[in-house]
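Asks: sequence? don't have it. structure:
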C-alpha cells in the first residue's frame, strides 16, 4: 500500500464501473477506492516522478489508516499492446498526475516535463515557444508524442512536436514511457513516448465516471510583459477550452528589437458517447503561435522569427465482449513559416511548409486459456508540400514548389502470460515504409516482472525499435545546412533491469539500462573545414549506459500532523560514440550526463501550500558561439517556487521560475531568462 497525503480531508468512495477509454489511466486523487472493473489503455502504470501508479498500490489520506481496503488487481492498464491488470503489469511508466500539474510552478506543458528525471528538456524559449524534448539521451526526433493515445508527431521536424492544442488546465496527466516502444507505438518511438491525457467532462472532478457541468477560468500576469488567460466549460458529453498567451520576451537583438517575444492561442473540443456495447471519444483542436527566434538556427542572425499553426482531429472507439476492438482514425495538419531575417525576405526567402498526416489503426485483444493475446495493424500517411523540402512538384502552387509523400504500414502481435506474481509480455511489430522501399522488418520485445511479497518488485525488459528520418533531415539544404535524402532509418536495441520498493513511508526505485543504436541521425559540423556547414548524417553506432533512481518520502508518516512530501530523483548517462573528435554535434552528441531533481510540497496553514523544486543538470557536448569559438556546456542549478491559497472554488498563487536568476544555456547561443515572476488566479464553478 502507498499512502498519499491530502491537504483536504475527503470521504471514502466505492466505485464499481468506469467507462472504458482507450487512452486514459485512472486517478484516484485522494479517494479510498474499491474497484470492480476498470479498463484503460495507454502508457500506463508504474513509477511516477512525483506520484507513482504501480502494480497494487492505492492512494489514501495518511490519516485514514482504518480505510485501507482497496483491491486494484482488477484495474487494467497497458504498458503493452494488451491492457493488463495493474497488479501484473511489467512495464514501468512515469506519471505526472493532475495534482502534480496543479502544484507545479510552470506556465507550459514543456516546463512540467523538466522534473521527469529521464526527460531532457532543451528549451530555446519560455512559454513553450520551442522546446526539444528527448528521453534517456535521445534527440527530439526520436520519441513519440501522443494526445489521448493518438500519435501527433510532426514528420517535418521534431522542433514543433509540442505545439499542443490543449491548455495546461486541460491536462489530466502526462505519462512517460522510457525505452524503445516500437511494438507499442510503431516507427517514431525509438527511445520512448510521451502521452498527454486530457480531462473530459467525465473526469472534470476526482469523482471519475460522474458527468458534471463546470466552468474554469484562469488569469495570469508577470515578468517581461507576460499575460495569459484561459477558460474551459464542461458539459455532460463534451468540453470546450480556449487560451491566449503573450510576452514581450526577455531579450533584444543587437539592433534593439524584441527577439524573444511570443503570442499564441489554443482551442480544444472533446466529446464522447457511451453505451454498454460501444464507447466513442473524439477531439478537435487548434494551436497557433508566433515567436521571436533570436539565434535559434544561426548565430549570425539574431532577429529570426517563426509562426506555426496546427490542426488536430481524432475519433477513437472501443467495443466490449469476448473480442475487444479498439479502432482509431485521425488527421493532423501543420503550417510552418520561418523567417531568417524577420519581416524581410528580400535577402533570404521565408521557409514555408505544410504537412498532413492521416492515420487509421486497429488494436484488438482476447483472453483464452493460455493468457491474453493482442493483434492489430496501423496505416499512416505523411505528406508535405514546401518551399525547400522534398522533390520538385509537377504543379507548384503558391509558396510550395517541393513535396514528398510516404506511407507506413505495420502489423503487431503480442501474447501475455499472467501468473500469480509473474508476468511475461512478448511480441513484435512488422513495419514497412514506402519512402525507401524497405521490406517488412520485425522488431521484437519482451517485458518480465516478478513481485516479492507486498513491497518488492523486480522487472526486466528487452525491446527494439526504429525511426524514419524527418523531412527536414532528408531535404533541408539551405542556410549553411546540407541534408542527405538517402539517410537510413535509425534502429535501437535496449535492455533494462530494475527493482522497486513501496511502503507507507517510502517508495524507492532503481534501474540500469543499456541502449545500442545504429544508423543514428544527427546534424554534424566538420570543424577542420575553412567554412564548415551542418550536414545530416547517419552516425553509425551510439551506445548508452544509464542509471536511474528515485526516492519518495511521505514525511507525514515521520512528523505526525504534518502534510508534506519529499521527492528525490537522479539519472546518470554515459554515451560511447564511433565518431571523430573534430565533428561537432547539434543534437545526438549532446546529452545530460547528470540530472538531479528534488521537489518538496508542504502544507503551511489553513489553505496555504508551498511547492519548491530544485534541478541540477550537467550536459555533455559543445557549441560554436557568435565569435566562432567552441564552448562547452556548463552545469547549472535552477530553483522554482510556488505559493498558493487554495479554496474550494478559487485559487490565488504566486510563482517564481529560476528564483536565483541563474544565467544558463540549454541550447547553443540561446541564453535562458533570469528570474521570472508570475501571479495568477483560478476560479472554478461546478454544478
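Replies: Everything's here; your move. Everything quoted here is computed from the prediction, not taken from an experiment. Numbering: from 1, shown residues only.
Asks: Would you map the helices across the stretch 51-200 of the chain?
Replies: For the stretch 51-200 of the chain, applying DSSP state H, counting those that start in this stretch gives helices covering 98-103, 109-112, 182-185.
Asks: So which other helices or strands are in contact with the second one?
Replies: What it means is helix 109-112. Contacts defined by 3 or more CB pairs under 8 Å, 6 or more residues apart in numbering; DSSP states H and E place helix 109-112 against strand 119-125, strand 171-178. Any C-beta I mention is one placed from the backbone N, CA and C, and that applies to glycine too.
Asks: List of residues touching the first one?
Replies: Outside strand 119-125, the residues within contact range by CB atoms under 8 Å, 6 or more residues apart in numbering are 110-111, 113-114, 130-135, 137-138, 140, 176, 194, 249, 260, 262, 291-293, 296, 591-592, 595, 666-667, 670, 672.
Asks: ends of stretch 161-171, how far apart?
Replies: 17 Å (CA to CA, to the nearest Å).
Asks: tell me, what residue is most central in the protein?
Replies: Residue closest to the average C-alpha location in the chain (CA atoms, centre = their mean): residue 194, at 3.3 Å.
Asks: Determine which stretch of the helices and strands packed on helix 109-112 is the most buried.
Replies: Neighbour counts (mean count of other CB atoms under 10 Å) averaged over each of the helices and strands packed on helix 109-112 peak at strand 171-178, with a mean of 25.
Asks: starting at the chain centroid, how far to that one?
Replies: 6 Å (CA atoms, centre = their mean, to the nearest Å).
Asks: That one vs strand 119-125, what angle?
Replies: 120 degrees (axes from the mean of the first three to the mean of the last three CA atoms, to 10 degrees).
Asks: let's number from 176 now, not from 1
Replies: With 176 as the first residue, the last one maps to strand 346-353.
Asks: strand partners of strand 346-353, parallel vs antiparallel please.
Replies: Here strand 346-353 is paired, per DSSP bridges, with strand 268-271 (antiparallel), strand 367-373 (antiparallel).
Asks: State the mean pLDDT of that strand.
Replies: Averaged over strand 346-353, pLDDT sits at 85.
Asks: quick one: low-confidence parts of the protein?
Replies: Filtered on pLDDT under 70, the chain yields the residue ranges 176-254, 259-264, 376-387, 736, 753, 762-763, 862.
Asks: How many neighbouring residues does the nearest residue in space to residue 469 that is not next to it in sequence have?
Replies: If the residues on either side of it in the chain are set aside, residue 469 comes closest to residue 434, at 4.1 Å by CB to CB, 6 or more residues apart in numbering. Using other CB atoms under 10 Å, residue 434 has 25 other residues around it.
Asks: Next, work out how far apart residue 434 and residue 403 are.
Replies: Distance from residue 434 to residue 403, counting by CB to CB, to the nearest Å: 21 Å.
Asks: in the stretch 726-862 of the chain, which spans are strands?
Replies: Per DSSP state E, counting those that start in this stretch, the stretch 726-862 of the chain carries strands over the ranges 739-752, 758-760, 767-780, 783-794, 797-799, 805-807, 811-821, 825-832, 840-842, 845-846, 851-861.
Asks: sorry, back to before: tell me which of the strands paired with strand 346-353 approaches residue 567 most closely.
Replies: The minimum distance between residue 567 and the strands paired with strand 346-353 falls on strand 367-373, with 35.0 Å, by CB to CB.
Asks: Identify the residues contacting the residue nearest to residue 469.
Replies: Contact analysis of residue 434 by CB under 8 Å, 6+ apart lists 424, 426-428, 467-469, 477-479, 517.
Asks: Repeat the analysis, applying 6 Å as the threshold.
Replies: By CB atoms under 6 Å, 6 or more residues apart in numbering, the contact list for residue 434 reads 428, 467, 469, 477-478.
Asks: could you dump the helices of the stretch 226-375 of the chain to a markdown table with mean neighbour count?
Replies: Converted to a markdown table, the helices of the stretch 226-375 of the chain look like this (neighbours: other CB atoms under 10 Å):
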| stretch | mean neighbour count |
| --- | --- |
| helix 273-278 | 20 |
| helix 284-287 | 22 |
| helix 357-360 | 27 |
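Asks: With distance to residue 822 as added columns, please give these in JSON lines.
Replies: Output for those, formatted as JSON lines (distance: least, CB to CB, whole Å):
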{"stretch": "helix 273-278", "distance to residue 822": "13"}
{"stretch": "helix 284-287", "distance to residue 822": "24"}
{"stretch": "helix 357-360", "distance to residue 822": "41"}
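Asks: Between these, which one is closest to residue 411.
Replies: helix 273-278 (20.5 Å).
Asks: Output the contacting helices and strands for that closest one.
Replies: Helix 273-278 sits against strand 346-353, with contacts defined as 3 or more CB pairs under 6 Å, 6 or more residues apart in numbering; DSSP states H and E.
Asks: The strand it packs on to strand 739-752, inter-axis angle?
Replies: Taking the same axes, to 10 degrees, strand 346-353 and strand 739-752 form an angle of 40 degrees between their directions.
Asks: Which residues does strand 346-353 contact?
Replies: 218, 268-273, 276, 291, 293, 310-311, 367-372, 374, 378.
Asks: Now render the strands paired with strand 346-353 as TSV, adding distance to residue 602.
Replies: Shown next, in TSV, are the strands paired with strand 346-353 (distance: least, CB to CB, whole Å):
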stretch	distance to residue 602
strand 268-271	17
strand 367-373	16
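Asks: With residue 626 as the reference, name the closest of those strands.
Replies: Closest approach to residue 626 among these (CB to CB): strand 268-271, 16.8 Å.
Asks: what about the residue of the chain positioned farthest from its centre, is that helix, strand or coil?
Replies: Going by CA atoms, centre = their mean, the residue of the chain most distant from its centre is residue 705, 39.8 Å out. With DSSP: H, G, I helix; E, B strand; the rest coil as the basis, residue 705 sits in coil.
Asks: Any buried residues in the helix or strand containing residue 508, and which?
Replies: Here residue 508 is covered by strand 498-514, with elements defined by DSSP states H and E. For strand 498-514, the neighbour count (16 or more other CB atoms under 10 Å) marks 499, 501-507, 509, 511-514 as buried.
Asks: ok, for residue 330, nearest residue in space, not its chain neighbours?
Replies: Take residue 330 and drop its neighbours on the chain: the residue closest to it by CB to CB, 6+ apart is residue 557, 4.2 Å away.
Asks: Identify whichever of the strands paired with strand 346-353 lies nearest to residue 668.
Replies: It's strand 367-373; of the strands paired with strand 346-353, that one is closest to residue 668 (CB to CB) at 14.3 Å.
Asks: and the angle from the next helix or strand after that closest one to strand 825-832?
Replies: Scanning forward in sequence from strand 367-373 by DSSP H and E, the next helix or strand is strand 389-397. Here strand 389-397 runs at an angle of 30 degrees relative to strand 825-832 (the same axes, to 10 degrees).
Asks: what's the neighbour count on residue 704?
Replies: 9.
Asks: and it, how far is that from residue 697?
Replies: Distance, residue 704 to residue 697, by CB to CB: 17 Å.
Asks: and what of residue 489?
Replies: 32 Å.
Asks: And for residue 725?
Replies: Distance from residue 725 to residue 697, by CB to CB: 30 Å.
Asks: Same question for residue 562.
Replies: In terms of CB to CB, residue 562 sits 24 Å off from residue 697.
Asks: try residue 621
Replies: Going from residue 621 to residue 697 by CB to CB gives 29 Å.
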